[in-house]
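Novice: I would like to see how this sequence folds:
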Amino acid sequence: MVPSQLFTFHTNTLSEGLTTIGRNAFSNTTSLTQITLPESLTSIDWWGFSGSGLTSVVIPKNVTSLGQHVFENCPSLTTVEIEEGVTSTFDSVFNDNKSLTTVILPSSLKTIGSQTFRNCTALTSINIPEGVESIGTWAFSNTALESVEIPDSVTGKLDSVFQDCSSLTSVKIGAGVEELSGTFNSCIELREIEIPENITYIGHNAFNNCQSLLKVTILNQNVTIRNDITYTDKTIFNNGLDETGSSFFAGTIYGYNNSTAQAFAERNSYKFESLGDPPRDLGDVNGDKAVDSSDAALILKEYATVQGGNEASFSEADIEVADFNNDTLIDSSDAALILKAYAENQAK
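Specialist: Residues are numbered from 1 along each chain as shown. As a prediction, this is how the structure comes out:
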């Protein structure tokens with residue numbers, strides 16, 4: 001083990017067999033510009049290299065414990081490579097590295113901790129590997145990222161992850177994310193965003209102070225959108241207030257007919273453009289995202305209505321999803337096939 005605060009001089013060789021670097025071991029060692037970490041290393045304690053003069057670092061694959069602030073505020077650090085095998089970065093590991101331009105993350109990575117790359121103001125791009133499951137609060141805030149793709153493996157909530165990314169213009173949100181809260185606050189160059197169907201909650205300041213934002217497409221017809229739009233807590237907002245004192249958004253909300261996106265836009269006097277009726281899976285007659293006995297019951301009811309000489313009630317969209325066997329008829333055979341498919345799915 002390298003004990004805490006041992007080195008105050010230049011060194012670049014650590015012996016193979018070393019497993020632990022103690023707290024503050026190389027902290028503020030400004031003369032330390034290069035170091036080779038041995039493959040045997042498994043742990044680097046808090047502030048291990050913070051404030052040092054390192055220009056690049058490779059974190060070996062066997063490191064399983066990387067303490068908070070380990071490489072924080074290293075003003076000359078430009079390149080970071082984390083080898084395959086490392087599964088997580090802890091909070092603030094690379095925070096305030098204003099010269100950092102290149103980061104290589106391994107496919108083994110599962111967790112990116114809070115504030116990991118916060119205030120890395122020279123970092124313009126990063127590849128977040130498929131397999132990452134969680135990204136902590138402010139992980140990439142106040143970086144120079146220009147585009148970002150969040151993989152489908154990331155789940156749960158993105159809390160202020162890209163706040164103050166003033167150069168961010170392109171975003172793709174993966175299929176596993178469920179909530180946005182402060183996520184893109186003050187991303188002043190972001191012009192448009194598509195919020196996928198998997199997003200169930202858009203929380204406070206999600207798109208606050210997005211001064212260039214003109215197009216917001218919301219694909220979940222029932223997404224919950226926080227509507228407490230005050231001067232200090234705004235969900236989708238450009239900047240400032242209009243002449244009536246109301247929140248200001250110069251762009252357009254795009255969403256499905258009768259969706260919560262439409263209701264949100266109308267409630268706040270935002271422009272709304274319809275995407276039409278929401279898409280439905282074959283058999284989903286009632287539009288509840290499930291194909292089950294209730295859909296079969298609606299088909300049988302419609303069939304009985306028409307057979308009784310009464311006017312059909314199904315819309316063209318209803319007929320399209322109700323014709324389960326694709327024979328252009330809506331009848332008991334469609335209901336029977338839906339019940340059969342439902343029973344088979346229940347049995348799995």
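Novice: contacts for stretch 40-50 next, please.
Specialist: 4, 14, 16-29, 32, 35, 57, 60, 62-74 (CB atoms under 8 Å, 6 or more residues apart in numbering). Where C-beta positions appear, they are placed from N, C-alpha and C, glycine not excepted.
Novice: in strands only, show me these.
Specialist: Using DSSP state E, T20, I21, V57, S65, L66 are the members of those that sit in strands.
Novice: just the buried residues from those, in PyMOL please.
Specialist: Applying 16 or more other CB atoms under 10 Å to the ones in strands among the contacts of stretch 40-50, the buried members can be selected in PyMOL as follows:
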select buried, resi 20+21+57+66
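Novice: residues near T328, how many?
Specialist: 7 (other CB atoms under 10 Å).
Novice: related to what we said a few turns ago, closest one to D331 out of the ones in strands among the contacts of stretch 40-50, please.
Specialist: L66 (63.4 Å; CB to CB).
Novice: distance check, that closest one against A312.
Specialist: Using CB to CB, to the nearest Å, L66 is found at 65 Å from A312.
Novice: could you do K289 as well?
Specialist: 24 Å.
Novice: what's the answer for W138, then?
Specialist: Per CB to CB, W138 is found 55 Å from A312.
Novice: give me the more crowded residue out of the two.
Specialist: W138 (23 against 12).
Novice: pretty sure A341 sits in a strand.
Specialist: No - A341 is assigned helix when assessed by DSSP: H, G, I helix; E, B strand; the rest coil, not a strand.
Novice: that one reaches V291, doesn't it?
Specialist: Yes - applying CB atoms under 8 Å as the test, A341 and V291 come out as touching, 6.5 Å apart.
Novice: number of residues surrounding the nearest residue to T55 once chain neighbours are set aside?
Specialist: Spatial nearest neighbour of T55, chain neighbours left out: S76 (4.9 Å); criterion: CB to CB, 6 or more residues apart in numbering. Per other CB under 10 Å, the neighbour tally for S76 reads 15.
Novice: quick one: low-confidence ranges for the stretch 101-250 of the chain?
Specialist: 228-233, 240-247 (pLDDT under 70).
Novice: the strands in it, which residues?
Specialist: 102-104, 111-112, 134-135, 147-149, 156-159, 170-172, 177-181, 192-195, 201-202, 215-218, 224-225 (DSSP state E, counting those that start in this stretch).
Novice: ok, back up a step: please indicate which of the contacts of stretch 40-50 are buried?
Specialist: Neighbour counting by 16+ other CB under 10 Å classes 4, 20-27, 29, 32, 35, 57, 60, 62-63, 66-74 among the contacts of stretch 40-50 as buried.
Novice: distance of L339 relative to E320?
Specialist: Using CB to CB, we find L339 at a distance of 20 Å from E320.
Novice: more neighbours: which of those two?
Specialist: L339 (18 against 11).
Novice: touching, D277 and A317? I think so.
Specialist: Yes - look at D277 against A317 with CB under 8 Å: they come within range, at 5.4 Å.
Novice: ok, the closest residue to T87 other than its chain neighbours - how many residues close by?
Specialist: Computed as CB to CB, 6+ apart, the closest residue to T87 that is not its neighbour in sequence is K110, at 4.8 Å. Neighbourhood size, K110 [other CB under 10 Å]: 14.
Novice: likewise for the one 5 residues further on?
Specialist: One way to gauge burial is a neighbour count; for Q115, by other CB under 10 Å, it gives 25.
Novice: got the contact list for it?
Specialist: D91, S92, N95, G136, T137, W138, A139, S141.
Novice: dump these to TSV, plus distance to S333.
Specialist: What follows is the contacts of Q115, written out as TSV (distance: CB to CB, whole Å):
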residue	distance to S333
D91	59
S92	62
N95	63
G136	53
T137	54
W138	56
A139	53
S141	57
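Novice: just the helices in this protein please.
Specialist: 260-267, 293-307, 316-322, 332-347 (DSSP state H).
Novice: ok, which of those helices comes nearest N227?
Specialist: Nearest to N227 among those is helix 260-267; the distance by CB to CB comes to 6.4 Å.
Novice: give me whichever of the helices of the chain is most buried.
Specialist: Per-stretch averages of neighbours, counted by mean count of other CB atoms under 10 Å, single out helix 260-267 among the helices of the chain, with a mean of 19.
Novice: only C-alpha atoms, please: export it in CSV.
Specialist: Taking Å, rounded to 0.1, in the frame of the first residue of the first chain, the C-alpha atoms of helix 260-267 are listed here in CSV:
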residue,chain,number,x,y,z
THR,A,260,-50.9,14.9,-21.6
ALA,A,261,-48.5,16.8,-23.8
GLN,A,262,-51.4,18.5,-25.5
ALA,A,263,-53.0,19.3,-22.1
PHE,A,264,-49.7,20.7,-20.8
ALA,A,265,-49.2,22.9,-23.9
GLU,A,266,-52.8,24.2,-23.8
ARG,A,267,-52.6,24.9,-20.1
